[in-house]
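Visitor: here is the input, now give the coordinates:
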Amino acid sequence: MGHLDHAAYGWLTPVLSYVMASIGAALGLRCTVRALAATNGSSRRNWLLTAASAIGTGIWTMHFVAMLGFNVTGTEIHYNVPLTILSLLVAVLVVGAGVFAVGYGRARGRALVLGGLTTGLGVASMHYLGMAALRLHGSISYDPLTVGLSVAIAVVTATAALWAALNIEAPVAVAVASLVMGAAVSSMHYTGMLAVAVRVVPSDQALPGATAMQFIFPLAVGLGSYLFITSAFVALSPTADERAASVSAARHLGGRAPASGPAQAVSAVPPAAAR
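Guide: Residues are numbered from 1 along each chain as shown. Below is the predicted model of the structure:
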C-alpha cells in the first residue's frame with residue numbers, strides 16, 4: 001500500500017480549496033435568490049444559469065485545488081484530460097438541473113427534495129469522476145461505507161444550500177450560509193478521500209495524461225478568476241428592489257411639476273397680454 005498524503009503543501013491547499021468552495025456557494029446562493037425574486041422569465045433563467053455555473057465551478061475548483069496537495073509515495077500522479085473536463089461539465093450540468101428544479105418548482109418542498117438530491121448526486125459524481133481521471137503506477141480501491149457517507153454528506157449539503165437560497169435573503173445570512181456550505185463541501189471531499197486506498201506497483205513506464213501543474217493548476221486558476229469576476233459583477237448589479245426603487249423615484253421626479261421656470265412664466269401671462 002502506498003502512503004497517501006492529502007496535504008503535501010501543508011494547510012495551503014485545504015484552506016484555498018475551502019475558500020473556492022465558499023466563494024462558489026456564496027455566488028450561487030446570491031444568484032438563486034436573485035432568480036427567485038425576478039419576475040421576468042429570461043432574467044430568472046439567466047440568474048439560474050449563473051448560479052449553476054458558479055456552484056458547479058466552485059465545487060470542481062475546490063476538488064482539484066485540494067487534489068494539488070494529494071501525493072502517493074512511490075508513484076507520480078497524472079490526470080486523464082478528457083475525464084477531468086467531463087467531471088467539470090457533469091458538475092455544472094447536474095447542479096444546474098437541481099437549481100432549475102428549485103427555481104421553477106411550484107411545490108417548494110418537493111422541489112427542494114428533488115433539487116437537493118440531484119445536486120448532491122451531481123457533486124458526488126463530479127468527485128468520483130475526477131478520481132477516476134487519476135493515473136498512477138498501481139491501483140485504487142475504495143471503502144464502500146465511507147463512499148456512501150461522502151455521498152450522503154453531498155446530498156444533505158446540497159439540500160441545505162438550496163433551502164438557504166429559498167429562505168435566506170439578507171446578505172449577512174447568505175455569507176454565513178456560504179461559509180457553512182464551503183465547510184460541508186470540503187468535508188465531503190476529504191471524507192471521500194478517506195475512502196481511498198492505493199496499491200503501488202513500481203514501474204519505469206511513463207504515465208499517460210498530464211501532471212497537476214501542467215493541466216489542473218492553470219485550469220483551476222482560470223476558473224477561480226471566473227468566480228472572482230462574476231462575484232464582482234453580481235455584487236455591483238442592482239437587486240430587484242433597488243431597480244424598483246430607482247424606477248419609482250424616476251417616475252416621481254418625472255411626474256412632479258417644476259417649482260419655477262419658463263413654462264410657469266408663460267402660463268402666468270394674462271390672456272389680454274397675450275393678444
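Visitor: surely A197 is in contact with D143?
Guide: Yes: using Cβ atoms under 8 Å, A197 is in contact with D143, at 7.2 Å. Bear in mind the C-beta positions are built from the backbone N, C-alpha and C, glycine included.
Visitor: grab the nearest non-local neighbour of H78.
Guide: G209 (3.7 Å; Cβ to Cβ, 6 or more residues apart in numbering).
Visitor: pretty sure the one you found contacts Y79?
Guide: Yes: look at G209 against Y79 with Cβ under 8 Å: they come within range, at 5.1 Å.
Visitor: tell me the SS of T39?
Guide: coil (DSSP: H, G, I helix; E, B strand; the rest coil).
Visitor: and it, how many residues sit next to it?
Guide: T39 has 8 neighbours, counted by other Cβ atoms under 10 Å.
Visitor: same question, the one 5 residues further on
Guide: R44: 18 surrounding residues under other Cβ under 10 Å.
Visitor: just checking, what packs against whichever strand or helix holds it?
Guide: Using DSSP states H and E, R44 falls within helix 41-67. Contact partners of helix 41-67 among helices and strands, from 3 or more Cβ pairs under 8 Å, 6 or more residues apart in numbering; DSSP states H and E: helix 12-37, helix 81-104, helix 108-132, helix 171-194, helix 217-236.
Visitor: any idea of the mean pLDDT for the second one?
Guide: Looking back up the chat, that one is helix 81-104. Average pLDDT, helix 81-104: 88.
Visitor: can you give me the buried ones in that helix?
Guide: Applying a neighbour-count criterion of 16 or more other Cβ atoms under 10 Å, one finds 81, 83-84, 86-88, 90-92, 94-103 buried in helix 81-104.
Visitor: pretty sure Y226 sits against W60.
Guide: No: in this structure, Y226 is not within contact of W60 by Cβ under 8 Å, at 11.1 Å.
Visitor: who has more neighbours out of those two?
Guide: Here Y226 and W60 are compared on neighbour count by other Cβ under 10 Å; more neighbours surround W60, at 29 against 16.
Visitor: for the more buried one, give its distance to H78.
Guide: Distance of W60 to H78, computed by Cβ to Cβ, to the nearest Å: 18 Å.
Visitor: ditto for G105
Guide: 42 Å.
Visitor: who's more crowded, these two?
Guide: Using other Cβ under 10 Å, the more surrounded residue of G105 and H78 is H78, with 19 against 16.
Visitor: tell me what that one is bridged to.
Guide: For H78, the beta-bridge partners are R135, T211 (DSSP bridges).
Visitor: distance of it from I216?
Guide: 10 Å.
Visitor: shared neighbours of these two, which are they?
Guide: Common contacts of H78 and I216 (Cβ atoms under 8 Å, 6 or more residues apart in numbering): A210.
Visitor: now the helices and strands packed on helix 41-67 in CSV, with distance to V156?
Guide: Output for those, formatted as CSV (distance: least, Cβ to Cβ, whole Å):
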stretch, distance to V156
helix 12-37, 14
helix 81-104, 13
helix 108-132, 7
helix 171-194, 8
helix 217-236, 24
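Visitor: can you say which of these is packed in most?
Guide: Of the helices and strands packed on helix 41-67, the one with the most neighbours on average (mean count of other Cβ atoms under 10 Å) is helix 12-37, at a mean of 23.
Visitor: that helix packs against which elements?
Guide: Secondary elements touching helix 12-37 (3+ Cβ pairs under 8 Å, 6+ apart): helix 41-67, helix 81-104, helix 144-167, helix 171-194, helix 217-236, helix 240-255.
Visitor: if we can go back for a sec, what do G209 and Y79 both touch?
Guide: Counting by Cβ under 8 Å, 6+ apart, the contacts common to G209 and Y79 are A133, R135, F215.
Visitor: quick check, central residue of the chain?
Guide: I55 (1.5 Å; Cα atoms, centre = their mean).
Visitor: residues near V156, how many?
Guide: For V156, using other Cβ under 10 Å, the count is 14.
Visitor: does it touch G120 like I think?
Guide: Yes: using Cβ under 8 Å, V156 is in contact with G120, at 7.2 Å.
Visitor: circling back: I'd say the residue nearest to the centre of the chain and G24 touch.
Guide: Yes: in this structure I55 lies within contact range of G24 using Cβ under 8 Å: 5.5 Å.
Visitor: enumerate every residue touching D143.
Guide: L194, A195, A197.
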